[in-house]
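[1] coords please:
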Amino acid sequence: MNSSASLRSCLALGSLLLLLEQVLGAPQALAGNTPNQEVCLLPPEEGPCRALIPRWYYNRYTQTCQEFTYGGCEGNANNFRSLESCEKSCWMIRKVPKICRLEADPGPCRGYLKRYFFNLTSMKCEKFIYGGCYGNDNNFQDEDSCVDYCLPQKTDPSLCYSPKDEGLCSSSVTRYYYNSKSQSCEEFSYTGCGGNANNFVNKKDCYSICKKGKIFIFTV
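    Below you'll find the predicted structure:
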């Protein structure tokens, strides 16, 4: 097959994959579930096919959503159709200082020093063996030093301080909002449109976000 025929075949395959992708969706869309933290921490994966589909993934190292080119098949679930979809799905990923996002690096030397590094996947400080030279700054003498530096102070997300807002429509849907004055999740009637983000389907979700499962905020 000559180069022109090969090019035409590749273009045809790319067009077919793009059409199939639009019908079937990406791996994340096929799953039909809101991605959890593990999904957002996966590396970007273009897949083996050759379509050129603009997609977004959550970059665990920059801690932002970034664009990449998806091939149209396989890949993984860290694959979103839009920036908004990526940010909505991964906004709860804890923010940590830059050096804490680095992989553990023992360095080229042959020492045997017990050290700690911050594991971005487990969000914990874990032991590793340091060789004694080079490596990187994600390297702490003890666990307490690692925790103090890499796990910022907890704060409530700002949405939990928004006032109750019933919305603009005429339906009556039972929802819950976090009352920052009483520090409790309370029932209210949502009209079905408008309103704000302090609006939860059930009390468990409300408490999970605004009371128990507080979000880590770190300003770089």
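
[2] What segments of this structure are strands?
    53-59, 64-70, 113-119, 124-130, 154-155, 173-179, 184-190, 215-216 (DSSP state E).

[3] For residue 86, which residues are in contact?
    Residue 86 sits next to 56, 57, 58, 65, 80 when contact means CB atoms under 8 Å, 6 or more residues apart in numbering. Using the backbone N, CA and C atoms, a C-beta is placed for each residue, glycine as well.

[4] Next one: the second one from residue 77, what distance?
    Translated: residue 57. From residue 57 across to residue 77, the span is 10 Å (CB to CB, to the nearest Å).

[5] roughly how far out does stretch 41-52 sit from the chain middle?
    17 Å (CA atoms, centre = their mean, to the nearest Å).

[6] which stretches of this protein have low pLDDT?
    1-36, 152-156, 212-220 (pLDDT under 70).

[7] how is it carved up into domains?
    Domain segmentation of the chain under automatic domain parsing yields 3-90, 98-152, 155-216.

[8] How far off centre is the shortest one?
    Spelled out, it's domain 98-152. From the chain centre to the centre of domain 98-152 is a distance of 22 Å (CA atoms, centre = their mean).

[9] do the same with stretch 145-165
    16 Å.

[10] out of residue 57 and residue 77, which sits in the more crowded spot?
    Legend: neighbour count by other CB atoms under 10 Å for residue 57 and residue 77, higher for residue 57 (25 against 21).

[11] From residue 65, how far out is that one?
    In terms of CB to CB, residue 57 sits 7 Å off from residue 65.

[12] Please enumerate the shared neighbours of these two.
    Common neighbours of residue 57 and residue 65, counting by CB under 8 Å, 6+ apart, are 80, 86.

[13] would you put the C-alpha positions of stretch 164-172 in CSV?
    Output of stretch 164-172 as CSV, limited to C-alpha atoms (Å, rounded to 0.1, in the frame of the first residue of the first chain):
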residue,chain,number,x,y,z
LYS,A,164,-30.4,28.9,51.5
ASP,A,165,-31.8,29.6,48.0
GLU,A,166,-35.1,28.0,46.9
GLY,A,167,-34.5,28.9,43.2
LEU,A,168,-36.7,30.4,40.6
CYS,A,169,-39.2,27.8,39.3
SER,A,170,-42.4,26.4,40.7
SER,A,171,-41.6,22.8,41.6
SER,A,172,-41.3,21.5,45.2
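
[14] ok, and for it, which residues are buried?
    Neighbour-count burial for stretch 164-172, counted by 16 or more other CB atoms under 10 Å, picks out 164, 165, 166, 167.

[15] before we move on, what about stretch 52-72?
    53, 55-60, 63, 65, 68, 70-72.

[16] just how off-centre is that stretch within its chain?
    Its chain's C-alpha centre and that of stretch 52-72 lie 11 Å apart, by CA atoms, centre = their mean.

[17] Pull the residues that contact it.
    For stretch 52-72, using CB under 8 Å, 6+ apart, the contacting residues are 14, 17-18, 20-21, 26, 40-44, 46-51, 78-83, 85-87, 89-90, 93, 95-96, 101, 120.

[18] Next: stretch 196-205.
    159-165, 175-178, 185, 187, 190, 206, 209.

[19] Of these, select the buried ones using a PyMOL command.
    Burial among those is assessed by 16+ other CB under 10 Å; the matching PyMOL selection reads:
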select buried, resi 159+160+162+164+165+175+176+177+178+185+190+206+209
